[in-house]
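*Asks:* prediction below, plus the sequence it came from.
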Amino acid sequence: MAETAFSEDYVVSSCRKNDRRAQEMLYRHFAKKMYSICLSYSGERPMAQDILQEAFIKVFKKIGQYKNDGSLEGWIRRIVVNTAIDHIRRRKRADDYLEAEADEPGLQTQNQAFKIMGYNEIMQQVGRLPEGARLIFNLHAVDGYTHREIAQKLEITEGTSKSQFNRARKLLMEFIGNMNL
């Protein structure tokens, strides 16, 4: 089925009946965008592929819970993000990779560098961050979670979330400062 002929209602109702062709259509329609989300959380292709596969299995199992009252893409994205978090949490408990650091006053952003760089270049630099800092940066800066929500989701303190976010920002500024723009 062509990309323009994608009918959300048809695909969702068919997926609820375990129609393999409809599942494939749904996957093909959203996989590329969701893979980039997985990659931004994992920082490595093999893990991103595992997260994507696990997330779509959950999508197909839970499609009956989708109420058609919001964005299907948003509903799938939420499953992908939660799967990425669960995957990373299983791989390494949050306390193992999140170090509490004091907030550094005076951290200056380099807005000019961000204006010159494209989204893909910025996300490439985000991918270089240590796992904990990358996870929190994505949750806060990309997905819009508050530090309180991040703390609850990852079972860490709010202060740890804030310090890891600042650590991520500082490292990103260092990475970007070392680039030849």
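*Replies:* Thanks, I have the structure now. Numbering: from 1, shown residues only.
*Asks:* and the residue lying closest to Phe60 once chain neighbours are set aside, how close does it get to Glu8?
*Replies:* Counting by Cβ to Cβ, 6 or more residues apart in numbering, Phe60 lies nearest to Gln23, which is 5.6 Å off, once chain neighbours are set aside. For every residue, glycine as well, the C-beta is placed using N, CA and C. According to Cβ to Cβ, to the nearest Å, Gln23 stands 14 Å off from Glu8.
*Asks:* again, but for Cys15
*Replies:* As for Cys15, its distance to Glu8 is 10 Å (criterion: Cβ to Cβ).
*Asks:* so Gln23 and Glu8 - more neighbours on which side?
*Replies:* Gln23 (17 against 14; other Cβ atoms under 10 Å).
*Asks:* okay, now the unreliable bits of this structure?
*Replies:* Residue ranges of the chain with pLDDT under 70: 1-5, 90-120, 179-181.
*Asks:* try it again with 50
*Replies:* 1-4, 93-112, 115, 181 (pLDDT under 50).
*Asks:* so it: which segments form each domain?
*Replies:* 3-91, 96-177 (automatic domain parsing).
*Asks:* next up, phi/psi of Lys17, please.
*Replies:* phi -100, psi 10 (degrees, to the nearest 10).
*Asks:* for Asn178, see how far away the residue of the chain most remote from its centre is.
*Replies:* When distances are taken from the C-alpha mean of the chain, Lys17 lies farthest, 28.8 Å away, according to Cα atoms, centre = their mean. Plainly put, Lys17 is 53 Å away from Asn178 if you go by Cβ to Cβ.
*Asks:* again with Phe6
*Replies:* Taken as Cβ to Cβ, the span from Phe6 to Asn178 is 42 Å.
*Asks:* and these two? Which one has more around it.
*Replies:* Of the pair Phe6 and Asn178, Phe6 is the one with more neighbours under other Cβ under 10 Å, namely 14 against 8.
*Asks:* is it true that that one touches Met25?
*Replies:* Yes - contact criterion Cβ atoms under 8 Å: Phe6 and Met25 qualify, at 6.7 Å.
*Asks:* how about the helices in this structure?
*Replies:* 8-16, 20-42, 45-62, 72-91, 94-97, 111-116, 119-127, 131-137, 147-154, 158-177 (DSSP state H).
*Asks:* ranking those helices by burial, who's on top?
*Replies:* helix 131-137 (a mean of 24; mean count of other Cβ atoms under 10 Å).
*Asks:* for Met6, which residues are in contact?
*Replies:* To be clear, residue 6 is Phe; Met isn't right here. 25, 29 (Cβ atoms under 8 Å, 6 or more residues apart in numbering).
*Asks:* ok, 10 Å please
*Replies:* Residues near Phe6 by Cβ atoms under 10 Å, 6 or more residues apart in numbering: 25-26, 28-30.
*Asks:* distance of Val81 from His87?
*Replies:* 11 Å.
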